[in-house]
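In: Let's see this in three dimensions:
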Amino acid sequence: MTGEKREPKAYLKECITALTHYLINEVADRDLVGVRIRNTENVQDKGVGISFRRRDQMEPDLIWAVFSKVIQSNDRFGLNGRLEVHLDHVIIPVCNGKLAEKTKGRTLDY
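Out: Residues are numbered from 1 along each chain as shown. Predicted coordinates:
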């Protein structure tokens with residue numbers, strides 16, 4: 001920042017975008033990722049969760065859209081205190097160059 005003043009929400013969006021790129025940079029497109037964000041100061045507030053989806057579908061704009069709805073109704077969630085971000089990563093195995101066999105209609109413990 002070069003002496004210019006920015007709106008807190010615009011700054012927060014830049015941070016979310018940079019953090020998203022950093023966290024999922026090394027994740028394969030076929031792998032699943034989920035994101036959880038919580039405010040460590042206001043523990044009575046529920047965290048923001050973005051359900052698992054393929055890495056190539058997890059875009060910063062998607063995270064910001066969900067997150068901005070929360071801070072729109074609860075300003076103190078994102079603008080006061082410290083935020084903690086968790087990335088949940090599920091590695092999808094590759095078998096002989098193909099995705100693992102589908103299990104639709106069968107239990108996973110056969």
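In: Nearest residue to the residue nearest in space to the middle of the chain in space, please, no chain neighbours.
Out: In the chain, the centroid-proximal residue (CA atoms, centre = their mean) is V35; its distance is 3.0 Å. Leaving aside its sequence neighbours, V35 sits nearest to I50 (CB to CB, 6 or more residues apart in numbering; 4.4 Å). Any C-beta I mention is one placed from the backbone N, CA and C, and that applies to glycine too.
In: got the residue ranges for the strands in the protein?
Out: Using DSSP state E, the strands of the chain run over 32-39, 48-54, 83-90, 94-95, 98-99.
In: what mean pLDDT does the last one have?
Out: Strand 98-99 shows an average pLDDT of 55 in the prediction.
In: ok and the longest helix along the chain relative to strand 83-90, angle-wise?
Out: Longest helix in the chain, counting residues (DSSP state H): helix 8-24. Between helix 8-24 and strand 83-90, the angle comes out at 30 degrees (axes from the mean of the first three to the mean of the last three CA atoms, to 10 degrees).
In: and for helix 8-24, what are the contacting residues?
Out: 33, 35, 55, 58-60, 63-64, 67-68, 71, 78-79, 85, 87 (CB atoms under 8 Å, 6 or more residues apart in numbering).
In: which regions of the protein lie under the pLDDT threshold?
Out: For the chain, applying pLDDT under 70 flags the ranges 1-4, 42-45, 74-81, 96-110.
In: ok, back up a step: could I get the longest helix of the chain in CSV with only the CA atoms?
Out: Extracted C-alpha coordinates of helix 8-24, given in CSV (Å, rounded to 0.1, in the frame of the first residue of the first chain):
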residue,chain,number,x,y,z
PRO,A,8,-11.8,-2.1,4.4
LYS,A,9,-14.0,-4.4,2.3
ALA,A,10,-12.0,-3.8,-0.9
TYR,A,11,-8.8,-4.6,1.1
LEU,A,12,-10.4,-7.7,2.5
LYS,A,13,-11.4,-8.9,-1.0
GLU,A,14,-7.8,-8.4,-2.2
CYS,A,15,-6.6,-10.5,0.8
ILE,A,16,-9.1,-13.3,0.2
THR,A,17,-8.1,-13.4,-3.5
ALA,A,18,-4.4,-13.6,-2.8
LEU,A,19,-4.9,-16.1,0.0
THR,A,20,-7.1,-18.3,-2.3
HIS,A,21,-4.5,-18.3,-5.0
TYR,A,22,-1.7,-19.1,-2.5
LEU,A,23,-3.6,-22.0,-0.8
ILE,A,24,-4.8,-23.8,-3.9
